[in-house]
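Enquirer: Kindly return the folded structure for what I paste below:
(chains A and B)
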Amino acid sequence: MSRYFTDEHEWIDVEGEIATVGITDYAQEQLGDIVFVELPAEGTTFEKGDDAAVVESVKAASDVYAPISGEVVEANGALEDEPALVNSDAEEDGWFFKLRIADTSELDGLMTEAAYKKFVASL
Amino acid sequence: MSGNEDATHFEDLPLEALPLDAWHRAKGARMVGFAGYHMPIQYEGIMAEHSWTREHAGLFDVSHMGQLTFSGEGVDEALEHILPSDIKGLKPFRQRYSMLLNDEGGILDDLMVSRLGPNEKGEPAFDGAAIYMVVNGATKYDDIGWMIDYLPDEVVMNHMADQALLALQGPEAGEALATLIPQTADLLFMQSGPFVWRGVPLWISRSGYTGEDGFEISIPAEDVTLLADALCELPQVKPIGLGARDSLRLEAGLPLYGHDLSPAVSTIGADLGFAIQKRRREEGGFIGHARVMKELADGPGAKRVGLKIEGRLPAREGAKIFSGAIEVGEVTSGGFAPSVGAPIAMGWVSLPDSAEGTALEIEVRGKRIAAVVAPMPFVPHRYRRKA
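Expert: Residues are numbered from 1 along each chain as shown, chains lettered A, B, ... in the order given. Predicted coordinates for the structure are as follows:
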């Protein structure tokens, strides 16, 4: 399994043709207490860059974009009951949705963990 | 991912630093631009800070607000022209909620006004001025400009730009402040007075913006760090940012100028008629009186109401409110209410839809969510009204 990152502070785990997407620990820290996550329905298809989810903190709503193109095969139902999972475990249990990858070449444009760390340090 | 920090960008001017700027940063605050200043939006997190204030005592830096004094012959008459509230009947050491209205009765700002008085030794507060006023930070320069035009030459308005303002709020605020200044224990809600702490003159009122018991403390900017440190050394007190200030005031049903109140809306529609005492309604003689009288007689076109929201999806400022297919209003403040455990909102709806219990819908990202007009405050006020 390989993990990729975007400059929009998302992480993407790729296993075969399935990509699991979430927001990074840095992102949840910036957002603060998360009170609601709006997730896409199964079967929704996204082009890279489409609005895919909305995360609501106490203070504001923020869009989460589809980091790559694909079809939603599962959304993380645990976030409905416990949106704060995104705060407590952003990069594992707090995942948002899984996509069936439409075009693996899109992964080439994403960052490695080392590159993302460097990117965050530069902010 | 993209966010929408709810920070007011103040006409693109460079942000200024408040007297406690370095203190906030040393406490780990995340700073944002608000009302023209770098201000702390949160320290450890909005939810934790909100709950701490409801259970213990929170310290808020509100030094961005405008602190003004008024003195000179005819000051009461002059202020009764620009404020709809009873100023002549305002006794020394008493504070009152009021507002500035424009000629059409629209709200230019909301504010606190109090009558100053001497300390026990007969020494005057704020250079012997008669009246002290606290106005909103984002509007203070507009307010000053507006008032200058209406004040006669004999009345002197002084903007105390070198004065900081702290708010200490929460059920343990009284106990906390009394450990530093025992005499503050005698103050009741909306009373104020001069105090001295380590030789520093303070003007303290028992009031605030959270619905809890608490104080607002005016102190020279050069001494504010010392007081903020002394307060935060107390076990009851933690620093609280703007984020929790907003969720606390929303639960308390208190309007936020620039959001729930604006020049487009009126006092009566805003349900703030209590700020206009009987004598003032009858006698008039203040800017905006005609609108007030008309709306008292005929009712306002729209009203500010509280909204309880079904489910967990918050409705934010700007969301449209519907009754069936008809748009009847708009959310002006909204978010998750930590002490309620659900989203709440404040908004303006047309008069026929403003009665408590009216079922409405709010549109959020193309979806309709159910909402009910609810009494405010959402969380009971706990002011200290009796000893």
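
Enquirer: you'd agree residue B:137 is up against residue B:35?
Expert: Yes - counting by Cβ atoms under 8 Å, residue B:137 touches residue B:35, with 3.6 Å between them. (Glycine included, C-beta is placed from N, CA and C.)

Enquirer: can you list residues touching both of these two?
Expert: Contact criterion Cβ atoms under 8 Å, 6 or more residues apart in numbering or on different chains; residues bridging residue B:137 and residue B:35 by contacting each: residue B:64.

Enquirer: Within its sheet, name the partner strands of the lengthiest strand in chain B and how each one runs.
Expert: Across chain B, the longest stretch assigned as strand under DSSP state E is strand B:326-337. Here strand B:326-337 is paired, per DSSP bridges, with strand B:320-323 (antiparallel), strand B:342-350 (antiparallel).

Enquirer: deepest of the ones you listed, which one?
Expert: Per-stretch averages of neighbours, counted by mean count of other Cβ atoms under 10 Å in any protein chain shown, single out strand B:342-350 among the strands paired with strand B:326-337, with a mean of 24.

Enquirer: can you give me the strands for chain A?
Expert: A:2-5, A:10-15, A:18-23, A:34-38, A:45-46, A:51-57, A:61-65, A:70-75, A:97-101.

Enquirer: could I have the longest one exported to PDB, CA atoms only?
Expert: Below are the C-alpha coordinates for strand A:51-57, written out as PDB (Å, rounded to 0.1, in the frame of the first residue of the first chain):
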ATOM      1  CA  ASP A  51     -16.300  19.000  -4.400                       C
ATOM      2  CA  ALA A  52     -16.500  15.600  -2.700                       C
ATOM      3  CA  ALA A  53     -17.300  16.200   1.000                       C
ATOM      4  CA  VAL A  54     -17.800  19.000   3.400                       C
ATOM      5  CA  VAL A  55     -16.300  19.200   6.900                       C
ATOM      6  CA  GLU A  56     -17.900  21.500   9.400                       C
ATOM      7  CA  SER A  57     -16.000  22.700  12.400                       C
END
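
Enquirer: quick one: the residue in chain B sticking out farthest from the centre from residue B:345, how far?
Expert: Outermost residue of chain B with respect to the C-alpha centroid, by Cα atoms, centre = their mean, is residue B:325; its distance is 35.0 Å. Separation of residue B:325 from residue B:345 (Cβ to Cβ, to the nearest Å): 21 Å.

Enquirer: and what of residue A:70?
Expert: 35 Å.

Enquirer: just residue A:63 next, same as before
Expert: The value you get for residue A:63 to residue B:345, if Cβ to Cβ is used, is 21 Å.

Enquirer: could I get the strands of chain A as CSV with mean pLDDT and distance to residue B:241?
Expert: Below are the strands of chain A laid out as CSV (pLDDT from 0 to 100; distance: least, Cβ to Cβ, whole Å):
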stretch, mean pLDDT, distance to residue B:241
strand A:2-5, 94, 29
strand A:10-15, 97, 27
strand A:18-23, 97, 22
strand A:34-38, 95, 17
strand A:45-46, 97, 35
strand A:51-57, 95, 13
strand A:61-65, 94, 19
strand A:70-75, 97, 32
strand A:97-101, 97, 32
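
Enquirer: Would you mind giving those as JSON lines with mean neighbour count and distance to residue B:281 added?
Expert: JSON lines is the format used below for those (neighbours: other Cβ atoms under 10 Å in any protein chain shown; distance: least, Cβ to Cβ, whole Å):
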{"stretch": "strand A:2-5", "mean neighbour count": "18", "distance to residue B:281": "62"}
{"stretch": "strand A:10-15", "mean neighbour count": "19", "distance to residue B:281": "57"}
{"stretch": "strand A:18-23", "mean neighbour count": "23", "distance to residue B:281": "54"}
{"stretch": "strand A:34-38", "mean neighbour count": "24", "distance to residue B:281": "42"}
{"stretch": "strand A:45-46", "mean neighbour count": "18", "distance to residue B:281": "59"}
{"stretch": "strand A:51-57", "mean neighbour count": "22", "distance to residue B:281": "42"}
{"stretch": "strand A:61-65", "mean neighbour count": "20", "distance to residue B:281": "41"}
{"stretch": "strand A:70-75", "mean neighbour count": "19", "distance to residue B:281": "56"}
{"stretch": "strand A:97-101", "mean neighbour count": "21", "distance to residue B:281": "58"}
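
Enquirer: So which of those is nearest residue B:216?
Expert: Residue B:216 sits nearest to strand A:51-57 of all the strands of chain A, at 28.0 Å, using Cβ to Cβ.

Enquirer: Mind giving me the packing neighbours of that closest one?
Expert: Using 3 or more Cβ pairs under 8 Å, 6 or more residues apart in numbering or on different chains; DSSP states H and E, the elements in contact with strand A:51-57 are strand A:34-38, strand A:61-65.

Enquirer: Tabulate those strands (TSV), appending distance to chain B.
Expert: Formatted as TSV, those follow (distance: least, Cβ to the nearest Cβ, whole Å):
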stretch	distance to chain B
strand A:34-38	4
strand A:61-65	4
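
Enquirer: if we can go back for a sec, now the longest strand of chain B, how far from the centre of its chain.
Expert: 20 Å (Cα atoms, centre = their mean, to the nearest Å).

Enquirer: what is the orientation angle of that strand with strand A:51-57?
Expert: 60 degrees (axes from the mean of the first three to the mean of the last three Cα atoms, to 10 degrees).

Enquirer: Pull out the buried residues from strand B:326-337.
Expert: B:328, B:329, B:331, B:332, B:333, B:334, B:335, B:336, B:337 (16 or more other Cβ atoms under 10 Å in any protein chain shown).

Enquirer: any idea which of those residues is closest to chain A?
Expert: residue B:336 (4.0 Å; Cβ to the nearest Cβ).

Enquirer: show me the contacts for the closest one.
Expert: Contacts for residue B:336 (Cβ under 8 Å, 6+ apart) come out as A:35, A:36, A:56, A:58, B:247, B:312, B:314, B:342, B:343.

Enquirer: Return the member of these nearest to residue B:98.
Expert: So of the contacts of residue B:336, ranked by how close each gets to residue B:98 (Cβ to Cβ), first place is residue B:247, at 25.2 Å.

Enquirer: separation between the closest residue in space to that closest one that isn't next to it in sequence and residue B:244?
Expert: Using Cβ to Cβ, 6 or more residues apart in numbering or on different chains and skipping the chain neighbours, the partner closest in space to residue B:247 is residue B:50 (5.2 Å). Computed with Cβ to Cβ, the distance linking residue B:50 and residue B:244 is 4 Å.
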